[in-house]
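> Here's my sequence, what's the structure:
(2 chains)
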Amino acid sequence: MQDEERTKKFNDLSVKYSQFYKGKIMVLPKVPINTLSDFSYWYTPGVAEVSRRIAADSDLSFDLTGRWNSIAILTDGTRVLGIGNVGPEAAMPVMEGKSMIFNYLGGVNAVPIPIRTKTKEEFITVAKALEPSFGGYNLEDIESPKCFYILRELQKELTIPAWHDDQLGTACIILAGIINSLRLSGKKIEDAQVVFIGSGAANIAASNLLISAGFKPGNLILVDSKGILEPEREDIDSLMINNPWKYELALNTNRDRKKGGIPEALSGSDIVVSAAKSDSNTIKPQWIKKMNNYPVIFALANPVPEIWPHVAKEGGAKIVATGRGDFPNQINNSLVFPGVFRGVLDARAKGVNFSIMVKASYEIADFVSELDDDNIVPKMTDTDLYPQVASAVAKATEDEGLARRTGSKKMFYDIAKDIIEENRKIFRKLMDEKLIRNLPGEQQ
Amino acid sequence: MKDDKKMKIEVRDARSEDLKPFLGLIERMKRLNGEFDPLYTIDEEKRSDAEKFYGNCIVDTQNYIVIVAEFNKSIVGVLKAEIRKRIYYNPDKEARIIDLYIMPEYRRKKVGAALLDYFYLKLNKLGISIVTAEFPALNLIALNFYRKIGYRNIGSIFGTTIDAKRVK
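Next up is the predicted model:
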């Protein structure tokens, strides 16, 4: 089936199933209710004592309520998938989907909360007001550069982890893929020349994460629609005002002060990470020939990568990764966020930072047991990945002094595995009992 | 990226042969002003006027002070001030900084301070003790910079555009 035909089929099914199920998640009690008199301890009068205890020590909300396993998926709907600023109502189906993945892969109760806010300050006010209900925030589909500002402020001001998956999740899996690419090419982190095509949320975060992981800032080059980022570019002052994150990278990367566009950037580079326009002509095979030996291409645009994998290979690429599941090496942040949130929740974390993310990336990279050019990252079906990542993240959180709960990596692994498996069992039972209805058209 | 330790910035009076690179920095600064307020949008057709004006500023040392910061034979910072008469007031002269721009890569490396030190020294020799700075009201970066180095707001300029409806 051709790409367009396949996309149309999925679109049609998505609408049909949404009409049938009317939402993808629900809230169910998880305590036994045998008679209505049980409400006397689950609710009033008994519950007042639980409230009194939490009032005396608010951290007890992580032990005496479901806060320990609850996160909010917050969005203003300004940059939803590839469809743009569709508003909070239209963002809901996507956030519900994300919530479902959080639950299925990570055992996390993720509450989708699209909000109607006009400014970044308003968004931050709402997020801060909701903090007592949650153990973490996953920010989603917020336009750039607003997303950088919101994330920075929330990370500074909250005592729970704030994560923007479009930035941090993608950056983590890019780093994991690059770590394994370097293992295969035999090159060193401190020597690797990395080019980022596209300077949006994902690539800016990935650049900063790579720097945290030991890559030399001068060895990185970012390219955007106006060409290679460098301090003498004419729009540099505009960037200082409108996108200080990109401005900082313009000053600190590109040691050789290359100018020009994608071909000039690729010449003499080792790795290309493209998160740009979905157009298979963005990277040309003749440019790959000018890269150093063992060229690595991450063409991450969806649905059409910036170069088709077979064309990249013809151009000399050794490793090609895309965002798609129908080619080898799918760079997908679903390999990251369920485990990361399982980990920060299990450690009752107060925050998350780049050091923790670097450890998560190494855990993901190390998970690949049979490393080769077509297997640089795990697959979503590798169910043990999630508790593994969770345990590494929880332990790293403890190392960073951000954990409310501490323990061994093994302890965190066991906790994560139990939670995820228990959750799956409940879900499987609901399906087996047909309490979750079969898809329309399938036998009930 | 330049190495801070090895960076040797030379500050000096601008010379006529500096005009071309000098104007490159001035144009960047004027474009930056346009980011804050559309009334400061630059007109690239007016480059030759600018060249004439700034060329004159460099040689007219009675009315202008034009200074450059140089690194490795490249101009990386500029300061241009006008010497103004203060009718009725005492002291009767002030120097007003109209243009101050430093290339992004050289910011936070005390190039601005070096330009100002040299500028103040010149003012001292000229017996001028009042220095003012003019910049777009919405340029918070300039506002914070001047506040940080001890300047205070001593006046305001308000502006508007006159549209056709208001001209009767």
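
> got a list of contacts for the helix or strand hosting A:I221?
Per DSSP states H and E, A:I221 falls inside strand A:220-224. By CB atoms under 8 Å, 6 or more residues apart in numbering or on different chains, the surrounding residues in contact with strand A:220-224 are A:193-199, A:203-204, A:207, A:210-211, A:228-229, A:246, A:249-250, A:253-254, A:258, A:261-262, A:265, A:269. Heads up, the C-betas are built off the backbone N, CA and C, glycines and all.

> So which of these reach chain B?
Contacts with chain B within the contacts of strand A:220-224, counted by CB under 8 Å from any CB of the partner chain: A:A250.

> among the contacts of strand A:220-224, which are in strands?
A:V194, A:V195, A:F196, A:I197, A:I228 (DSSP state E).

> circling back: may I see the ChimeraX selection of the buried members of the contacts of strand A:220-224?
Selection of buried members from the contacts of strand A:220-224 for ChimeraX, criterion 16 or more other CB atoms under 10 Å in any protein chain shown:
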select /A:193,194,195,196,197,198,199,203,204,207,210,211,228,229,246,249,250,253,254,258,262,265,269
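
> what number of residues lie near A:E140?
28 (other CB atoms under 10 Å in any protein chain shown).

> For it, give me the pLDDT.
On pLDDT, A:E140 comes in at 96.

> cool, the one 5 residues further on as well?
Here, the pLDDT recorded for A:P145 equals 92.

> Could you give the number of residues near it?
19.

> Tell me the residues on chain B that lie near chain A, please.
B:M1, B:R28, B:M29, B:R31, B:L32, B:E35, B:F36, B:M103, B:P104, B:E105, B:I141.

> Include secondary structure and pLDDT when you put those residues into JSON lines, please.
Shown next, in JSON lines, are those (DSSP: H, G, I helix; E, B strand; the rest coil; pLDDT from 0 to 100):
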{"residue": "B:M1", "secondary structure": "coil", "pLDDT": "46"}
{"residue": "B:R28", "secondary structure": "helix", "pLDDT": "94"}
{"residue": "B:M29", "secondary structure": "helix", "pLDDT": "94"}
{"residue": "B:R31", "secondary structure": "helix", "pLDDT": "92"}
{"residue": "B:L32", "secondary structure": "helix", "pLDDT": "91"}
{"residue": "B:E35", "secondary structure": "helix", "pLDDT": "88"}
{"residue": "B:F36", "secondary structure": "helix", "pLDDT": "90"}
{"residue": "B:M103", "secondary structure": "coil", "pLDDT": "96"}
{"residue": "B:P104", "secondary structure": "helix", "pLDDT": "94"}
{"residue": "B:E105", "secondary structure": "helix", "pLDDT": "92"}
{"residue": "B:I141", "secondary structure": "helix", "pLDDT": "87"}
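
> Buried ones among those residues?
Counted by 16+ other CB under 10 Å, the residues of chain B next to chain A give B:R28, B:M29, B:R31, B:L32, B:E35, B:F36, B:M103, B:P104, B:E105 as buried.

> Could you identify the most distant pair in those residues?
B:F36 and B:E105 (21.7 Å; CB to CB).

> So, low pLDDT: which residues of the chain?
Went with chain A since none was named. Across chain A, the ranges flagged by pLDDT under 70 are A:1-3, A:443-444.

> oops, chain B please
Residues of chain B that meet the criterion pLDDT under 70 lie in B:1-6, B:168.

> Residue nearest the middle of it, spatially speaking?
Centroid check for chain B by CA atoms, centre = their mean gives B:D99 as the closest residue, at 1.5 Å.

> residues contacting B:R86?
B:D92, B:K93, B:E94, B:I130.

> change it to 7 Å
Contact analysis of B:R86 by CB atoms under 7 Å, 6 or more residues apart in numbering or on different chains lists B:D92, B:K93, B:E94.

> Now the nearest residue to B:A133 once chain neighbours are set aside, what are its backbone angles?
Spatial nearest neighbour of B:A133, excluding adjacent residues (CB to CB, 6 or more residues apart in numbering or on different chains): B:I97 at 4.3 Å. Backbone torsions of B:I97, given as degrees, to the nearest 10, read phi -80, psi 120.

> so how far does stretch A:184-197 reach from one end to the other?
Using CA to CA, to the nearest Å, the end-to-end distance of stretch A:184-197 comes out at 23 Å.

> quick one: contacts of it?
So stretch A:184-197 is contacted by A:182, A:203, A:206-207, A:210, A:213-216, A:219-223, A:262, A:265-266, A:268-274, A:276, A:282, A:292, A:294, A:296, A:306, A:319, A:371, A:373 (CB under 7 Å, 6+ apart).

> give me that answer again for 6 Å
For stretch A:184-197, contacts defined as CB atoms under 6 Å, 6 or more residues apart in numbering or on different chains pick out A:203, A:207, A:214-216, A:219-223, A:262, A:265-266, A:269-274, A:276, A:294.

> and which of the ones in strands among the contacts of strand A:220-224 is nearest chain B?
Set against chain B, the nearest of the ones in strands among the contacts of strand A:220-224 by CB to the nearest CB is A:I228 (14.6 Å).

> contacting residues around the closest one?
Going by CB under 6 Å, 6+ apart, A:I228 touches A:K258, A:K259, A:G260, A:A265.

> how close does it get to B:C57?
34 Å (CB to CB, to the nearest Å).

> and what of B:E45?
Taking CB to CB, one finds B:E45 at 20 Å from B:C57.

> What number of residues are in the vicinity of the residue nearest to A:N252 when sequence neighbours are not counted?
Counting by CB to CB, 6+ apart, A:P217 is the residue found nearest to A:N252 once chain neighbours are left out, at 4.5 Å. For A:P217, the tally of surrounding residues (other CB under 10 Å) stands at 17.

> With A:R428 instead?
11.

> Validate this expectation: it resides in a helix.
Yes: when classified by DSSP: H, G, I helix; E, B strand; the rest coil, A:R428 is found to be part of a helix.

> Return the residues in contact with it.
Applying CB under 6 Å, 6+ apart to A:R428 gives no contacts.

> which bits of the stretch 101-250 of chain A sit near chain B?
A:G218, A:P231, A:I236, A:D237, A:S238, A:I241 (CB under 6 Å from any CB of the partner chain).

> Kindly supply the ChimeraX command isolating those of those that are buried.
Typed into ChimeraX, the line below selects the buried ones among these, using 16+ other CB under 10 Å:
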select /A:231,236,237
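
> Reformat the residues of the stretch 101-250 of chain A next to chain B into a markdown table and put secondary structure next to each item.
Converted to a markdown table, these look like this (three-state DSSP):
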| residue | secondary structure |
| --- | --- |
| A:G218 | helix |
| A:P231 | coil |
| A:I236 | helix |
| A:D237 | helix |
| A:S238 | helix |
| A:I241 | helix |
